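# Got a predicted structure here, sequence first:
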Amino acid sequence: MNENTRLLNLRRIVIWTSSFSGGALAATLQSFRLPVALEFSGYTVLAFVLGWGIFWAYWKIFFMEREIRGMKLWRIATTALLIMAGLAGVLSPLRFVNHDQLPELFTGLITAAIALSGVVLLLLGSKWLFDQDEKENTAAPNQPAPDR
């Protein structure tokens, strides 16, 4: 399997799985009702199709190989819109929370955001170290590796 086929297969996996996930998220948010129940209806199917279509279109735009003037700005704008929609989807259940419990809830959300930011920084640091090590090893392939 050559590199182009692998890249094409990876793109297909990304497009189809995230489109399905986006559709499932939209359908779940549409069907959620109090007290903690899901009501399936025609609107649920419509929300699934709409969520699936939005994610599918996003990835098709993102992976477009043809460079059109303004495409970079278009990609940034659609990514920002998708992030805002994701945040709205995650935070929408807060409308069902009592106002007395909101400060505690926001404290937990902020703590989780800080913890996830720490994990992201650790992963980026690891990537940087691996990239630096790979760069050192490929720069001088005929020399013996130094003792560490």
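Yep, it's here.

# any weak-confidence spans in the protein?
Low-confidence segments of the chain (pLDDT under 70): 1, 34, 139-148.

# can you list the domain ranges for it.
1-96, 98-140 (automatic domain parsing).

# Looking at the ones you listed, which one is packed in the most?
Comparing the domains of the chain by mean neighbour count (mean count of other C-beta atoms under 10 Å), domain 1-96 comes out on top with a mean of 13. (Each C-beta comes from the backbone N, C-alpha and C, glycine too.)

# Give me the distance from it to the chain's centre.
How far domain 1-96 lies from its chain's middle: 9 Å, per C-alpha atoms, centre = their mean, to the nearest Å.

# again with stretch 86-99
Remark: stretch 86-99 is offset 19 Å from the chain centroid, using C-alpha atoms, centre = their mean.

# can you pull out the helices in the chain?
Secondary structure of the chain (DSSP state H): helices located at 3-31, 42-62, 71-91, 102-139.

# and the gap between R66 and K60?
The gap separating R66 from K60 is 12 Å, by C-beta to C-beta, to the nearest Å.

# next one: R6
Here the criterion is C-beta to C-beta. By it, R6 lies 19 Å from K60.

# show me the contacts for W59.
Shown in contact with W59 (C-beta atoms under 8 Å, 6 or more residues apart in numbering): 11, 14-15, 18-19.

# If we use 6 Å, what do you get?
Listed by C-beta atoms under 6 Å, 6 or more residues apart in numbering, the contact set of W59 reads I15.

# ok, it to S41 distance?
Here the criterion is C-beta to C-beta. By it, W59 lies 28 Å from S41.

# Then L94?
23 Å.

# One more: F32?
For F32, the distance to S41 equals 12 Å [C-beta to C-beta].

# and what of R12?
Counting by C-beta to C-beta, the separation of R12 from S41 is 31 Å.
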